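**Student:** Show me how the following folds:
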Amino acid sequence: MQTALLVITIAVALLDWASRLWHHERLETYTKPITTVLVIGLALVSGAPAGHIAVAVVALVLCLGGDVALMPVVDKFVVGLASFLLGHLVFIGLFVQYGLHQPRLAGIAILLGAVLIMSVGNLIVRGAAANDPALKVPVTAYLFVITTMTAFGWATGMGWVIAGTTLFVISDSILGWRQFVRERAWMSVAVMVTYHGAIASLALSLW
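**Tutor:** Sure thing, here's the model as predicted:
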């Protein structure tokens with residue numbers, strides 16, 4: 001059952017990526033949330049301790065809320081940002097449950113995150129503030145929360161978690177750059193490829 005669900009999840013994710021290539025909004029409207037629902041399914045069938053599954057599912061449901069809010073047909077950026085921010089905080093709770101056995105890796109993640117915030121992050125915040133001054137605080141807060149989440153994730157020393165948190169940072173960096181700095185044709189697909197890789201990796205960390 002696990003393998004079959006994983007194959008279905010990959011297939012639907014591929015359709016979502018294709019919808020970005022084809023600029024097919026109707027297909028995206030269905031495949032984007034369905035992919036996240038399937039990833040939630042991956043967490044549910046993982047066989048991990050019930051407490052771990054419950055926390056992971058809450059975090060992934062918040063990601064689903066962010067997915068829906070950020071879809072063009074809904075277009076609620078701040079709502080989506082808040083939903084993902086809360087999801088990252090819940091993921092931190094999951095990582096604490098796993099155990100923070102690699103503090104040195106957390107230190108490396110913090111250092112890399114600081115460099116990213118001061119470079120790419122700074123340009124994204126400036127772009128967001130230029131677009132709407134009210135966005136400066138929430139976007140800045142989000143950058144610090146996702147950096148913190150990544151540090152906690154790396155501290156677990158678990159490969160799937162390190163991959164998932166890193167892909168989340170990459171995905172959100174591309175999204176922020178596309179939204180507030182400069183859009184490129186490839187970014188729409190890249191955001192979803194890295195995002196699906198992120199949430200799937202975090203779900204698979206339960207297996």
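
**Student:** how near is the nearest residue to I124 once chain neighbours are set aside to I117?
**Tutor:** Among residues not flanking I124 along the chain, G176 sits closest, at 3.9 Å (Cβ to Cβ, 6 or more residues apart in numbering). Where you see a C-beta, it was placed from the backbone N, CA and C, and this is true even at glycine. Per Cβ to Cβ, to the nearest Å, G176 is found 11 Å from I117.

**Student:** who's more crowded, these two?
**Tutor:** More crowded of G176 and I117, by other Cβ atoms under 10 Å: G176, with 22 against 17.

**Student:** Please identify the helix or strand for that one.
**Tutor:** Here G176, judged by DSSP states H and E, is contained in helix 159-180.

**Student:** Now the element after that helix, going C-ward?
**Tutor:** Counting by DSSP H and E, the next helix or strand C-terminal to helix 159-180 is helix 187-204.

**Student:** could I have that next one exported to PDB, CA atoms only?
**Tutor:** C-alpha atoms of helix 187-204 as PDB (Å, rounded to 0.1, in the frame of the first residue of the first chain):
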ATOM      1  CA  MET A 187      10.600  29.500 -11.800                       C
ATOM      2  CA  SER A 188       6.900  28.400 -11.700                       C
ATOM      3  CA  VAL A 189       7.900  24.700 -12.300                       C
ATOM      4  CA  ALA A 190      10.900  24.900 -10.100                       C
ATOM      5  CA  VAL A 191       8.900  26.200  -7.100                       C
ATOM      6  CA  MET A 192       6.600  23.100  -7.300                       C
ATOM      7  CA  VAL A 193       9.300  20.500  -7.900                       C
ATOM      8  CA  THR A 194      11.300  21.600  -4.900                       C
ATOM      9  CA  TYR A 195       8.100  22.100  -2.800                       C
ATOM     10  CA  HIS A 196       6.800  18.700  -3.500                       C
ATOM     11  CA  GLY A 197      10.200  17.300  -2.900                       C
ATOM     12  CA  ALA A 198      10.200  19.100   0.500                       C
ATOM     13  CA  ILE A 199       6.900  17.900   1.800                       C
ATOM     14  CA  ALA A 200       7.300  14.400   0.400                       C
ATOM     15  CA  SER A 201      10.800  14.100   2.100                       C
ATOM     16  CA  LEU A 202       9.400  15.200   5.400                       C
ATOM     17  CA  ALA A 203       6.500  12.700   5.100                       C
ATOM     18  CA  LEU A 204       9.000   9.900   4.200                       C
END
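
**Student:** Give me the average confidence score over that helix.
**Tutor:** In this model, helix 187-204 has a mean pLDDT of 98.

**Student:** likewise stretch 82-97?
**Tutor:** Average pLDDT, stretch 82-97: 98.

**Student:** who does the strand or helix carrying G66 touch, helix- and strand-wise?
**Tutor:** Here G66 sits within helix 50-70, counting by DSSP H and E. Applying 3 or more Cβ pairs under 8 Å, 6 or more residues apart in numbering; DSSP states H and E, one finds that helix 50-70 makes contact with helix 25-44, helix 77-98, helix 187-204.

**Student:** quick check: angle from it to helix 187-204?
**Tutor:** Put simply, helix 50-70 runs at 170 degrees to helix 187-204, going by axes from the mean of the first three to the mean of the last three Cα atoms, to 10 degrees.
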